[in-house]
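In: just the structure for this:
(2 chains)
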There are 2 protein chains.
Amino acid sequence: MRNILRAEVKNATATQLKKMCDELREEIFRTVSSCGGHLSSNLGTVELTVALHRVFDFPRDKVVFDVGHQCYTHKLLSGRAELFHTLRKEGGISGFPKREESAYDCYGTGHAGTAISAALGIAKARDLKREDFEVIAVVGDGSFNNGLIYEALNSLNILNTRVLIVLNDNGMSISPTVGGMHGVLDEMKGGAIPSEDVKLFERFGLKYLGVYNGNDLDELLPALCRAKEMLKEGSVLLHVVTKKGLGYAFSENAPAETHGISPRISRKAEYAQALGEELAHMAEEDGRIVAVTAAMTDSLGLRPFFEKFPARAFDVGICEEHASVLAAALAAEGMKPYYAVYSTFLQRSFDEIVHDVCGQNLPVTFCVDRAGITGEDGETHQGVFDLSFLSFIPNLTLAIPKDIGEFRAMLRASRTFEGPLAIRYPRQGTEGEIKPIEMGKFEILHSTLSDIVLFAAGERCIRLAKDILKEAQREGLGFTLVNARFAKPLDTELLASLKQKYIVTLEDNVLIGGLGDAIARFYRNDGRVVASFGYADAFIPHGEAGSLSVKYGLDGEKILCTLRSFHARG
Amino acid sequence: MRNILRAEVKNATATQLKKMCDELREEIFRTVSSCGGHLSSNLGTVELTVALHRVFDFPRDKVVFDVGHQCYTHKLLSGRAELFHTLRKEGGISGFPKREESAYDCYGTGHAGTAISAALGIAKARDLKREDFEVIAVVGDGSFNNGLIYEALNSLNILNTRVLIVLNDNGMSISPTVGGMHGVLDEMKGGAIPSEDVKLFERFGLKYLGVYNGNDLDELLPALCRAKEMLKEGSVLLHVVTKKGLGYAFSENAPAETHGISPRISRKAEYAQALGEELAHMAEEDGRIVAVTAAMTDSLGLRPFFEKFPARAFDVGICEEHASVLAAALAAEGMKPYYAVYSTFLQRSFDEIVHDVCGQNLPVTFCVDRAGITGEDGETHQGVFDLSFLSFIPNLTLAIPKDIGEFRAMLRASRTFEGPLAIRYPRQGTEGEIKPIEMGKFEILHSTLSDIVLFAAGERCIRLAKDILKEAQREGLGFTLVNARFAKPLDTELLASLKQKYIVTLEDNVLIGGLGDAIARFYRNDGRVVASFGYADAFIPHGEAGSLSVKYGLDGEKILCTLRSFHARG
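Out: Okay, the predicted model is just below:
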């Protein structure tokens, strides 16, 4: 798409602005259809973003997009339209705001709830530097479930600065927004705004302005101008309602399904589906089983469970910390909770995993989806830290299935398992056999007389190891291949029984603090040679997952070279 | 103190109950004076806890104390009075609720904000099991700043269960409570309760009942009975006001200073004081410097900075996540933020350290106090995980000063340092010299021709290493001693230059994922022998810090044995 000039947005007539919105919507649809990405949230915020660019002066003024997945129009309006076809591709435009990409992206986001805190920090820095610009946080109603938002709101009168918060209320947070705050917002949208809500905002230090149709420029532009005026006196909350997916019937009707679009249609099986099936099956026999999710019922495959056992299924909204404590307490009272969550979002409940779950040694099972390199969403969505931030937590068992069959077996074994358990797996995989599994036991996949043993964990690494084995065998350098399916506890009995001199480890995680470190620790000082492969000490940007995984450390050719060198050393 | 029987609490006359409160208050004062512990919060909640025991039936009914430091009266009333003199001592009564200690402690706490989530989980489990008991969460107003509380409140109507929340409002959260919510609560205490606040609670699914004097049994008991009645219909928030430190003039007048009492008077220097001095000094010359704390201004030594630079000092309440994002955003706009926080509480902002600070490579300095084993507060307050949860985060520099002088030097060096930095240190130490420091560079403290090199980091380990060196020299087994003052990046130049065959590492952190793992990773496969000493893979309970540190892994005698065996192997 051609770059739209700032002057165009500033000087366009109402008719021209609306035409511009149509163009932008079409470009977003076309690009997401080919590159994948966030469709419905971006279709819903075209007018809002155009209005912000019309009324404010970016990059002098600063806008922080909460979560950040709704930033496409902002990117298209800030000199990145000609590159927009590279969206989410390696080296191309990121799907999220990124400081290094553009001066228009003043603050990077990815996880929910940070925008008001960030806007307050930027505004406070402005005051201290005696500069003069406006700061806007665009926050979805889904994030208004997240605790961080309230921590920031509580700070308004402590920090004594001015920000504009645009509450973009579309009733969704991937799944429909839930909970008490959603009820309050819904009531406000209903028409008459209860004066108590307005008063409450005011006592926190915010003037409330709303409710406006955020998809109607005729209504939105004057409202935004008024908000800008009021901002001179203090912080303002502007409440607008938008329609997620607006402009494309399919997306309007199925905003959850079109929240994130994959770049190509894939026929691969999903771990999420297996999770839903297994849990629903187990729950039929076992009344203790409950499921917890933080606003991701569908993406995690829990829909069948929610439909079959509504009384035992809890979507608590984007509240990862609360979900962990809730699960711990349910377990404390004898229930068997499964908390399904993406690896990257699990980071949010680190403290609660440590103290509430593992500190009390409670049998909560974390089903950690999207582990490893996930690809196109980039830095904030890669699941490459979980082995490192979970491995040192006492009492936790940490499982890494090699395929969906093994994942099913682990879930079945978890039912009678008495301690905290995390199972980490990627989005997609192959079905594979369901063989009963004993917690903490590795599996020998291939055995040979060679002096080399290779430990691999997880679908990506097991597949890579098998490919390498084939090639190595062709070259006459076989090795023993072990499925190291527990990062903790290690199968020390098996490890001790292996006498090979050369050890190779593969993991879909950063190297520091991961499986390779654990195995190397076991073999420390006994004269073995250990070579570990996993990801480098870096934030991994967006791109195609397979290509990134090679580039950042899981390079089959380099692993083969290492095997050859071991073989040569004998 | 004698054990008070359940029947006594249930059948006492009003006069007898008041006398019981006096007895309890005296026992708390006497025990904390000798054992150390939380004084003012426990003195303030004597009547409230007695009333809870009078009105409810524990352990059939369940009470969750938020943070948990106010649980002493509960412990005294639940069969633990005769053991109360062992409070916080190794093997004795914990200063926090602990499930393994008593059936009356249904859920362990330690960090703020978890109680409502936990109560909801317990209540939901009750419903699912079709059991019949009441669940109470006792939450201080300080925790009402914490985001987790709002995540839980938002869940009330999702979970569709019944809990009683007792809001214990004393206007304090170690430091005085701050922010918008504090204003709202203050207004409610003012007399006329604004109807909008009541309505808001109601729309979240709570009946509001308040405000009552929580130190007056005549007022409190009927209120609690009424709350219990209302609880049959749905969840209730009972708002009571208590006086922190009540009964002891010194504690009443200085609740922050008497929040946590140390068991013995110590004349050791505090890192916190050095932090305050250095920051205030640097800030005089450097207008970019700002300080952030989450409700711990005094304990972290920031009082002088807050007094001298009120416009650049931010206490955001118990909001560790928000504090991290705020610091990141201030840094994004060119400020130089120092976020001071206890090691254990830093766990709460793990996700924000990863994405907001390090993911954007912003120059935020984390001043991580109370690192290592802290002792008497037990599991939830030991700072033994920070090296493990920080080491794998890309872009972060991780410093461990050997004494207060080196801490000052690191702070001075941080001023012109361009990336994210964490400095971790214990509460107390020795002053020591202030020598200019280069980031990432180790220091050789003692050099000898022996084939052994010992790396130690942090005050406890350097002191231990020096003691060991003296003893070893007496035995004719010298070693080179290196101050490994950066866990990341390692001083690879120095490491590569050392040719000793035997490597010993000491760290005041769990072994998994810590400094020893990092150094071992560097020397992997080059024929060296590495022996690492640090803490075992376990939650470390309360006790005297020095004794615990020996017991859990830093045992000088065992380290000496290792040195002797290396020497013998030659």
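
In: could I get the full set of helices for the stretch 301-450 of chain A?
Out: A:303-308, A:320-332, A:343-346, A:350-352, A:386-391, A:404-414 (DSSP state H, counting those that start in this stretch).

In: what sits up against the fifth one?
Out: Under the contact criterion Cβ atoms under 8 Å, 6 or more residues apart in numbering or on different chains, helix A:386-391 has outside partners A:343, A:346-347, A:350, A:353, A:368, A:371, A:396, A:398, A:400, A:422, A:424, A:487-488, A:507, A:509-510, A:512-515, A:517-518, B:350, B:389, B:392, B:512-513. In this view, the C-beta of every residue, glycine as well, is placed from N, C-alpha and C.

In: among those residues, which are in strands?
Out: Cross-referencing those against strands under DSSP state E gives A:368, A:398, A:422, A:424, A:487-488, A:507, A:509-510.

In: in a markdown table, list the residues you listed along with distance to residue A:15 and pLDDT.
Out: Output for the ones in strands among the contacts of helix A:386-391, formatted as a markdown table (distance: Cβ to Cβ, whole Å; pLDDT from 0 to 100):
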| residue | distance to residue A:15 | pLDDT |
| --- | --- | --- |
| A:368 | 50 | 98 |
| A:398 | 59 | 98 |
| A:422 | 56 | 98 |
| A:424 | 53 | 98 |
| A:487 | 60 | 98 |
| A:488 | 63 | 98 |
| A:507 | 57 | 98 |
| A:509 | 53 | 98 |
| A:510 | 52 | 98 |
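
In: with respect to chain B, which of those is nearest?
Out: Proximity of the ones in strands among the contacts of helix A:386-391 to chain B was ranked by Cβ to the nearest Cβ; the top entry is residue A:510 with 5.4 Å.

In: and that closest one, what does it touch?
Out: A:384-385, A:388, A:534-537, B:392, B:394.

In: chain neighbours aside, what residue packs nearest to it?
Out: The shortest distance from residue A:510 to any non-neighbouring residue, by Cβ to Cβ, 6 or more residues apart in numbering or on different chains, is to residue A:535 (4.7 Å).

In: same deal with residue A:414?
Out: residue A:365 (5.0 Å).

In: now do residue A:101
Out: In space, residue A:101 is closest to residue A:94, 5.9 Å off (Cβ to Cβ, 6+ apart).

In: spell out the secondary structure type for that neighbour.
Out: Under DSSP: H, G, I helix; E, B strand; the rest coil, the three-state class of residue A:94 is coil.

In: distance of it from residue B:437?
Out: Going from residue A:94 to residue B:437 by Cβ to Cβ, to the nearest Å gives 36 Å.

In: over to residue A:276?
Out: 54 Å.

In: for stretch A:512-531, buried residues please.
Out: For stretch A:512-531, burial by neighbour count (16 or more other Cβ atoms under 10 Å in any protein chain shown) applies to A:512-524, A:528-531.

In: show me what contacts residue A:311?
Out: By Cβ under 8 Å, 6+ apart, the neighbours of residue A:311 are residue B:128.

In: quick check, residue A:152 in a helix?
Out: Yes: judged by three-state DSSP, residue A:152 forms part of a helix.

In: enumerate every residue touching the closest residue to it other than its chain neighbours.
Out: The shortest distance from residue A:152 to any non-neighbouring residue, by Cβ to Cβ, 6+ apart, is to residue A:116 (3.7 Å). Residue A:116 makes contact with A:66, A:137, A:139, A:148-149, A:152-153, A:163, A:165 under the criterion Cβ under 8 Å, 6+ apart.

In: narrow these to those in helices?
Out: Applying DSSP state H to the contacts of residue A:116, the entries found in helices are A:148-149, A:152-153.

In: closest to residue A:494 among the residues you listed?
Out: residue A:148 (43.3 Å; Cβ to Cβ).

In: number of residues surrounding the residue nearest to residue A:510?
Out: Look at residue A:535: counted by other Cβ atoms under 10 Å in any protein chain shown, it has 25 neighbours.

In: need the pLDDT of residue A:204.
Out: With respect to pLDDT, residue A:204 scores 84.

In: which residues touch it?
Out: Taking Cβ under 8 Å, 6+ apart, we find residue A:204 in contact with A:153-154, A:156-157, B:180-181, B:183-184.

In: for residue A:163, see how far away it is.
Out: Residue A:204 is 12 Å from residue A:163, by Cβ to Cβ.

In: where does the stretch 101-250 of chain A dip in pLDDT?
Out: Counting by pLDDT under 70, the stretch 101-250 of chain A contains low-confidence residues at A:174, A:191-194, A:196.

In: can you do 90?
Out: Low-confidence segments of the stretch 101-250 of chain A, defined by pLDDT under 90: A:157, A:171-205, A:210, A:245-250.

In: all strands of it, in order?
Out: For the stretch 101-250 of chain A, the strands defined by DSSP state E, counting those that start in this stretch cover A:135-140, A:164-169, A:172-173, A:175-176, A:207-213, A:236-241.

In: residue boundaries of the strands in the stretch 401-550 of chain A?
Out: Under DSSP E, counting those that start in this stretch, the stretch 401-550 of chain A gives strands at A:421-424, A:428-429, A:443-446, A:452-456, A:480-483, A:486-488, A:502-510, A:529-535.

In: to residue B:79, which of those strands lies closest?
Out: Of these, the one closest to residue B:79 (Cβ to Cβ) turns out to be strand A:421-424, at 33.4 Å.

In: so what strands line up beside the closest one?
Out: strand A:365-369 (parallel), strand A:397-399 (parallel) (DSSP bridges).

In: most tightly packed of these?
Out: Mean neighbour count (mean count of other Cβ atoms under 10 Å in any protein chain shown) peaks for strand A:365-369 among the strands paired with strand A:421-424, with a mean of 27.

In: and it, how far from the chain's centre?
Out: From the chain centre to the centre of strand A:365-369 is a distance of 13 Å (Cα atoms, centre = their mean, to the nearest Å).
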